[in-house]
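Asker: build me a structure from this.
(one chain, ligands or ions: 1)
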Amino acid sequence: MNLTTFNQLDADAAQAAIAHCVAISNWQQALVAQRPFASLTALMQCAEQLALSWQQPELNQALAAHPRIGERAAGADKEAALSRREQGAMQQADSDVQQAMRAGNQAYEARFGRVFLIRAKGRSGEQMLAELQRRLENSPEQEVQEALGQLREITLLRLQESLQ
Ligand SMILES: NC(=O)NC1=NC(=O)NC1=O
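Answerer: Down below sits the predicted model:
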């Protein structure tokens, strides 16, 4: 979809067109309400600005749509397809990395009580494993902010892609 189309859709259709970027309806609605955008840059800057207000509740709301790293996203919806593509490197990672990632995910969930979230696109399995092991040492407060930063990156990458 291009910018002109996004600007011209009715609000419900515009929201549906970006819903796959992140499962935070307030953010979807707020971005749609700021139309029309004069440029893609202006749209992306607005999207990022709106995402900077996210805190723990938004993180929890969004995590339902993000499968664990290394687990193939089930389902035929657009989020699942995007997750599979973003996490492609994990499918190619050798088995000891995949095994260590499974153990790391369990340790992370035991420590922080939610799924480990990382912007997977552009990262190898080894890089994601190293990030997981580094972040396991974070305090809960630090880790909420790191996870929110990764959620913003994933969201903005998906938004950029859907508006080419
Ligand atoms: N748990 C996750 O980090 N999931 C994901 N990261 C991505 O970049 N896409 C996902 O689905």
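Asker: ok, now how distant is residue 22 from the ligand?
Answerer: Residue 22 sits 11 Å away from the ligand, going by Cβ to the nearest ligand atom, to the nearest Å. Quick note: C-beta positions are derived from backbone N, CA and C, even for glycine.
Asker: okay, now that residue: neighbour count?
Answerer: 25 (other Cβ atoms under 10 Å).
Asker: now swap in residue 37 and tell me
Answerer: 19.
Asker: I'd like to know how many residues surround the nearest residue to it once chain neighbours are set aside.
Answerer: With Cβ to Cβ, 6 or more residues apart in numbering as the criterion, residue 37 has its nearest non-adjacent residue at 4.0 Å, and that residue is residue 43. By other Cβ under 10 Å, 22 other residues sit near residue 43.
Asker: same check, this time on residue 15
Answerer: For residue 15, the tally of surrounding residues (other Cβ under 10 Å) stands at 16.
Asker: give me the longest helix you can find in this structure.
Answerer: Counting by DSSP state H, the longest helix found in the chain is helix 140-162.
Asker: which residues are contacting stretch 152-159?
Answerer: Stretch 152-159 is contacted from outside by 18, 20-22, 27, 43-44, 47-48, 51-52, 54, 66, 82, 86, 117, 119-121, using Cβ atoms under 8 Å, 6 or more residues apart in numbering.
Asker: what about that stretch, average pLDDT?
Answerer: The average pLDDT within stretch 152-159 is 98.
Asker: what is the helix or strand of the chain with the lowest mean pLDDT packed up against?
Answerer: Lowest on mean pLDDT, DSSP states H and E among the helices and strands of the chain sits helix 88-92, with a mean of 88. If you count contacts as 3 or more Cβ pairs under 8 Å, 6 or more residues apart in numbering; DSSP states H and E, helix 88-92 packs onto helix 125-135.
Asker: which positions in this protein make contact with the ligand?
Answerer: 66-69, 83, 86-87, 115-121, 154 (Cβ under 6 Å from any ligand atom).
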